[in-house]
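# model the following, please.
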Amino acid sequence: MGFVSSKEQREEILLACRVLTHFHIVEGFGHVSIRIAKNKRILMTPRSALGLVSEGELIELELDGRQTTGDGRPALETAMHLAIYRRRPDVNAIVRGHPRHVAAYACAGEPLKIAHGFGTNLGAVVPIFPQPGLVASAEMADAVADALGTSEAIILQSNGMLAVGNSVPHACVRGLFMEETATVQLLASAAGLTPRFYAPAEAARRHGEDHGHEPLRAWDYYVAMAEGTLM
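The predicted structure is shown next:
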């Protein structure tokens, strides 16, 4: 059976693969997915390093996990994507990766409290899922969806991060902002400085100042950097 996703959706996921690889949000491991509107399916990267994925390897799955299209094998953590899509109708895209500075929080099993302005796109705090190991079972996937709740991202203990969004660019930018936030806050702490964290109301106000435009503006920049077209 052929793809029901559009050519544009498949190209967007492949572009996300290149951007996330360029900025080391993913290396050998990670995934990107998008909800296919009206078809009750998702389009997702396969069990392969994202920088190596071709269009024919992309896969489409029903929300119950049945693969309908594509030559690739589903990622081991596909159940986590599906559980979140079933739980969160507002989520249209998911990015999963292991960026180095977020991984420091993951190793410690610590939530990421937000002190950097771009990080407020994630709220005042990124919660932690306090169980190590791959999210390969339906039960563990549901537990991650519970821990994510209405948040925009989550840190998986000893296992990287996941960010959601209303589009592939939106989810990618949240993942990139998450890594930037973790980086500057760890640098501040290492220098003996004390990050000043946003209160929930402050984070919501800061996020609301450029909610619609800021992620898209950032995406254009990240794409230009990854594609080598920045003047």
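
# any stretches of the chain with poor pLDDT?
1, 209-214, 231 (pLDDT under 70).

# which residue is the nearest non-sequential neighbour of residue 121?
Nearest residue to residue 121, sequence neighbours excluded (C-beta to C-beta, 6 or more residues apart in numbering): residue 177, at 5.3 Å. Where you see a C-beta, it was placed from the backbone N, CA and C, and this is true even at glycine.

# which SSE is immediately downstream of whatever helix or strand residue 8 lives in?
In this assignment (DSSP states H and E), residue 8 forms part of helix 7-22. Of the helices and strands lying after helix 7-22 in sequence (DSSP H and E), the nearest is strand 31-36.

# packing partners of the helix or strand that that next one is followed by?
Next helix or strand after strand 31-36 toward the C-terminus (DSSP H and E): strand 41-44. Packing partners of strand 41-44 (3 or more C-beta pairs under 8 Å, 6 or more residues apart in numbering; DSSP states H and E): helix 7-22, strand 31-36, strand 59-62, helix 78-87.

# which parts of the protein are strands?
Per DSSP state E, the chain carries strands over the ranges 31-36, 41-44, 59-62, 67-69, 93-97, 112-113, 125-126, 128-129, 153-156, 161-165.

# figure out which of the ones you listed is closest to residue 142.
Between residue 142 and the strands of the chain, the shortest gap by C-beta to C-beta is with strand 128-129, which sits at 11.5 Å.

# buried stuff in the helix holding residue 8?
By 16 or more other C-beta atoms under 10 Å, the buried positions in helix 7-22 come out as 9-10, 12-22.

# what's the burial count for residue 122?
22 (other C-beta atoms under 10 Å).

# for residue 79, see how far away residue 64 is.
10 Å (C-beta to C-beta, to the nearest Å).

# of the two, which one has the most company?
Just comparing residue 64 and residue 79: by other C-beta under 10 Å the higher neighbour count belongs to residue 79, 21 against 8.

# pull the contacting residues for the residue nearest to that one when sequence neighbours are not counted.
Leaving aside its sequence neighbours, residue 79 sits nearest to residue 141 (C-beta to C-beta, 6+ apart; 3.8 Å). Going by C-beta atoms under 8 Å, 6 or more residues apart in numbering, residue 141 touches 77, 79-80, 82-83, 135.

# distance of residue 141 from residue 75?
Applying C-beta to C-beta to residue 141 and residue 75 gives a distance of 12 Å.

# so which of the strands of the chain comes closest to residue 204?
Nearest of the strands of the chain (C-beta to C-beta): strand 125-126, 12.2 Å.

# report all helices and strands that the helix holding residue 8 contacts.
Helix 7-22 sits against strand 31-36, strand 41-44, strand 93-97, helix 168-190, helix 214-227, with contacts defined as 3+ C-beta pairs under 8 Å, 6+ apart.

# now these in TSV, with mean neighbour count and distance to residue 52?
As requested, those are exported to TSV (neighbours: other C-beta atoms under 10 Å; distance: least, C-beta to C-beta, whole Å):
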stretch	mean neighbour count	distance to residue 52
strand 31-36	26	13
strand 41-44	24	15
strand 93-97	27	15
helix 168-190	21	18
helix 214-227	16	15
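
# what is the residue nearest the centre of the chain paired to in the beta sheet?
Central residue check for the chain by C-alpha atoms, centre = their mean: the C-alpha nearest the mean position is that of residue 95, 2.5 Å away. Judged by DSSP bridges, the bridge partners of residue 95 are residue 32, residue 163.
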